[in-house]
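sequence first, predicted coordinates after that:
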Amino acid sequence: MMLRSECRSTPDLLPTHHYINHSVWLLVVLMLASHYVIYSQYILPMGARIEKLEASHDSCLKEVQRLITDEIDVYDADKTNSTDYALESSGATIVTTRCTKSYLEKNIQYSIDGLLPVFFTSNSPRVVIQPSMTPGECWSFAGSEGVLVVQLSRTIIPTAFTYEHIRKELTPDLHIDSAPRHFRVKSLKDANDREGLLLGEYDYDKDGRPLQQFKVQNPNPVPTRFIELLIQSNHGELQYTCLYRFRVHGNKY
Amino acid sequence: MMLRSECRSTPDLLPTHHYINHSVWLLVVLMLASHYVIYSQYILPMGARIEKLEASHDSCLKEVQRLITDEIDVYDADKTNSTDYALESSGATIVTTRCTKSYLEKNIQYSIDGLLPVFFTSNSPRVVIQPSMTPGECWSFAGSEGVLVVQLSRTIIPTAFTYEHIRKELTPDLHIDSAPRHFRVKSLKDANDREGLLLGEYDYDKDGRPLQQFKVQNPNPVPTRFIELLIQSNHGELQYTCLYRFRVHGNKY
Amino acid sequence: MMLRSECRSTPDLLPTHHYINHSVWLLVVLMLASHYVIYSQYILPMGARIEKLEASHDSCLKEVQRLITDEIDVYDADKTNSTDYALESSGATIVTTRCTKSYLEKNIQYSIDGLLPVFFTSNSPRVVIQPSMTPGECWSFAGSEGVLVVQLSRTIIPTAFTYEHIRKELTPDLHIDSAPRHFRVKSLKDANDREGLLLGEYDYDKDGRPLQQFKVQNPNPVPTRFIELLIQSNHGELQYTCLYRFRVHGNKY
């Protein structure tokens, strides 16, 4: 009976034994599961995110290099990367300014120690279709209303116009009150066409970037070789308005 | 007794049982604690750092685009983004060079196949206040001492000067020994003021960047329209000194 | 015996007790090991990678700033950062075009409202060694074959040539058929040397970047002051070929 009692106590112990084993295995499994959860839930996705960051970091400098090159390319490409059909050196000309009166304040002669005399003439309207953007190299006309008719270098269907003014940081007074404000652009049949086809009415934002582009608003622009720019107001200067550079963009006809 | 013995053995087993339970629970708690420690100590902060990196990576290219645009804007803004009151096109003039002798070596005439004759004259001092920075387009004067008096485009309280020389990489000899070294800047009451008010004494570093800016050192600069530049030495060239471009910055008066 | 039986059951329990202890300690050790594995295998290396990313991110913007400045510096340095010994303003000249016939289509006079008359002459070959890259400011010659002999600003051992054409995006027709295609470069003993020493044969890729550099192919270039450029074909334009800018690079002799 003792043995039996022992025998009976053994079965009592054995499940305990098994229970221990079970617990241990359960715990080992739990531990592995926990390990796995940590690994698959947190570490694996974090690893992937780090890998992606590392890859994009490596490609980043290449991408940056490309961005820089692209920006400098656009800057080098007349700042717009599109043909300016109003550019004088390409064959465009100013055909008329419809009697807009140039502003002649600076028409004075200086001379340096008997060297070459220096004339400051009011710049001709041709500077408006030339690339120079040096402060002062603009066409000044009296008042705030003026007209410029450009014969383009070829016949195009106009799509956009660009007006570029000098930065206000570069002006002696740190403002560009003499910049054009409200203006219209028309396409003409020929230099003598007094009516024309309105292509759009625009505002040059004096607080925006120096170079601003304006899309043709007319839904049916016709092919043309003559573009009329009508300045209707400026940003506050009472005596004169300065025009720096006007570009005309379009599609070949 | 057997039963009792069993009963007594059972209490021996029961605490073991409890002990197992306790151990298991303790271990489960430990495991959860460990899991939690790993999660909160390592994974959570690492996740936050990755998130920050990802966010800054996304914003990085925007930031880079902004950096590029800003740099090109400054380059486009006469490389300084500040008004040059000595710029000829804005209305400034060279009023005198106080008899500084121009260096005339290049004053030779060429002609191409009967096309237009080409003159290489020593450039006039006016190139010093014009924007061109093409190699060779400088004002050369004999020796290493020279004077230039500029009438600014308006009366200002001067704050800084900029001298820009050609890069040595672009010169035929890969050095800029003919660049100015030590120089002074004065403000004058008028073109005939021979004394003037010293605004600063400076050195142009031939190993620095081509464009170098110099702040006014005089604590009490007065409003002026006349700036005198006195070159006192160059970087080693014995025959002549070349001046490329001099800018004057200041506040409106 | 009962006690003994109990005693005997106790040794049965005791190893169980120890077994539990062992299991617990084993599990605790396992847990610490698992914790350690997770920490050392995953978290530590990931932390290092994140740290590296963070460090490189911080240095990235500095690096980007440097890249931008470098690119603008090269752009500012005549786009090549190397001396152009063919640059007119540095003292180079076009000595002959060997009777290459300029193309005169644009030789027409316009005039604006009685203002200054505007002449569009075919540009002289001198524009090829001047820095302007404005659309239209090229030397046009009839057909697809032309010659240009440049007297360099000093005697050099030539190392490379650069030809730069206008971007096709800026031309009225969006193509550069009039750009030179196949060309040779020779060095001459003097302006009358009709034979010369071949330095290389090259192709300007009309789909490449506007500025293309060509290394001297001759393994033994001799010091020279005269470079002959022979255009042998263009990219398809039948009437004329346009030359924008040609640079000559080399080492001092």
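Nice, thanks for sending it over.

next, the buried residues of stretch A:197-213.
A:197, A:199-200, A:202, A:204, A:206, A:210-211 (16 or more other CB atoms under 10 Å in any protein chain shown). Where you see a C-beta, it was placed from the backbone N, CA and C, and this is true even at glycine.

adding secondary structure, pLDDT and distance to B:D73, write those residues out as CSV.
Formatted as CSV, the buried residues of stretch A:197-213 follow (DSSP: H, G, I helix; E, B strand; the rest coil; pLDDT from 0 to 100; distance: CB to CB, whole Å):
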residue, secondary structure, pLDDT, distance to B:D73
A:L197, strand, 97, 36
A:L199, strand, 98, 29
A:G200, strand, 97, 27
A:Y202, strand, 98, 23
A:Y204, coil, 98, 18
A:K206, coil, 94, 16
A:P210, coil, 95, 9
A:L211, strand, 96, 10
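
tell me which of the residues you listed is nearest to chain C?
A:L211 (15.2 Å; CB to the nearest CB).

let me see the contact set for the closest residue to the closest one other than its chain neighbours.
Counting by CB to CB, 6 or more residues apart in numbering or on different chains, A:E164 is the residue found nearest to A:L211 once chain neighbours are left out, at 4.3 Å. The contact partners of A:E164, taken as CB atoms under 8 Å, 6 or more residues apart in numbering or on different chains, are A:79, A:133, A:210-212, A:244-245, A:247.

swap in A:F141?
A:97, A:100-103, A:231, A:240-241, A:243.

point out where chain A drops to low pLDDT.
A:1-21, A:104-122 (pLDDT under 70).

try 80
A:1-28, A:30-31, A:34-35, A:57-61, A:99-123 (pLDDT under 80).

tell me which residue of it lies closest to chain C.
Proximity of chain A to chain C (CB to the nearest CB) peaks at A:S89, 3.7 Å away.

before we move on, back to that, export the contacts of A:F141 to a markdown table and append columns for secondary structure and distance to C:L27.
A markdown table is the format used below for these (DSSP: H, G, I helix; E, B strand; the rest coil; distance: CB to CB, whole Å):
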| residue | secondary structure | distance to C:L27 |
| --- | --- | --- |
| A:T97 | coil | 95 |
| A:T100 | coil | 95 |
| A:K101 | coil | 98 |
| A:S102 | strand | 96 |
| A:Y103 | coil | 94 |
| A:I231 | strand | 87 |
| A:Y240 | strand | 91 |
| A:T241 | strand | 88 |
| A:L243 | strand | 86 |
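
would you list these in a markdown table and tack on distance to chain C?
What follows is those, written out as a markdown table (distance: CB to the nearest CB, whole Å):
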| residue | distance to chain C |
| --- | --- |
| A:T97 | 6 |
| A:T100 | 9 |
| A:K101 | 11 |
| A:S102 | 9 |
| A:Y103 | 14 |
| A:I231 | 17 |
| A:Y240 | 18 |
| A:T241 | 18 |
| A:L243 | 14 |
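
give me the buried subset of the residues you listed.
The buried subset of the contacts of A:F141 (16+ other CB under 10 Å) comprises A:97, A:100, A:102-103, A:231, A:240-241, A:243.

keep only those residues that also lie close to chain B.
Among those, proximity to chain B is found for none (CB under 8 Å from any CB of the partner chain).

OK, contacts around the residue lying closest to A:G146 once chain neighbours are set aside?
Residue nearest to A:G146 in three dimensions, not counting chain neighbours: A:T100, with 4.0 Å by CB to CB, 6+ apart. Shown here is A:T100, whose contacts under the criterion CB under 8 Å, 6+ apart are A:125, A:141, A:145-148.

cutoff 10 Å now
A:125, A:139, A:141-143, A:145-148, A:230-231, A:241, A:243, C:113 (CB atoms under 10 Å, 6 or more residues apart in numbering or on different chains).

looking at these, which is nearest chain B?
A:W139 (12.9 Å).

who's in contact with the residue in the stretch 1-150 of chain A that chain B sits nearest to?
Chain B sits closest to A:G136 of the stretch 1-150 of chain A, with a gap of 3.6 Å, by CB to the nearest CB. By CB under 10 Å, 6+ apart, the contact set of A:G136 is A:106, A:120, A:123, A:127, A:166, A:170-172, A:242, A:244, B:87-92, B:153.

one more: A:Y163?
Contacts of A:Y163 (CB under 10 Å, 6+ apart): A:128, A:179-180, A:183, A:185, A:202, A:204, A:210-214, A:229, A:231, A:243-247.

kindly report the same for A:P172.
A:135-136, B:83-85, B:87, B:90-92, B:152-154, B:156, B:250, B:252.

list buried residues within those.
A:135-136, B:83-85, B:87, B:90-92, B:152-154, B:156, B:250.

ranges for the strands of the stretch 101-250 of chain A?
Applying DSSP state E, counting those that start in this stretch to the stretch 101-250 of chain A gives strands spanning A:108-111, A:117-120, A:139-142, A:146-164, A:182-188, A:197-203, A:211-215, A:224-231, A:240-243, A:245-252.

can I get these in CSV with distance to A:K62?
CSV is the format used below for those (distance: least, CB to CB, whole Å):
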stretch, distance to A:K62
strand A:108-111, 53
strand A:117-120, 49
strand A:139-142, 44
strand A:146-164, 31
strand A:182-188, 41
strand A:197-203, 39
strand A:211-215, 28
strand A:224-231, 42
strand A:240-243, 42
strand A:245-252, 31
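
who in the stretch 151-253 of chain A is up against chain C?
For the stretch 151-253 of chain A, the residues in contact with chain C (CB under 10 Å from any CB of the partner chain) are A:151-154, A:156, A:250-252.

farthest pair in those residues?
A:Q151 and A:N251 (18.0 Å; CB to CB).

neighbour-wise, which of those two wins?
A:Q151 (20 against 12; other CB atoms under 10 Å in any protein chain shown).

quick one, what contacts the nearest residue to A:Y85 once chain neighbours are set aside?
Closest residue to A:Y85 apart from its sequence neighbours, by CB to CB, 6+ apart: A:L152 at 4.2 Å. The contact partners of A:L152, by CB under 10 Å, 6+ apart, come to A:84-87, A:90-93, A:129, A:158, A:187, A:224-227, A:248, A:250, C:172.
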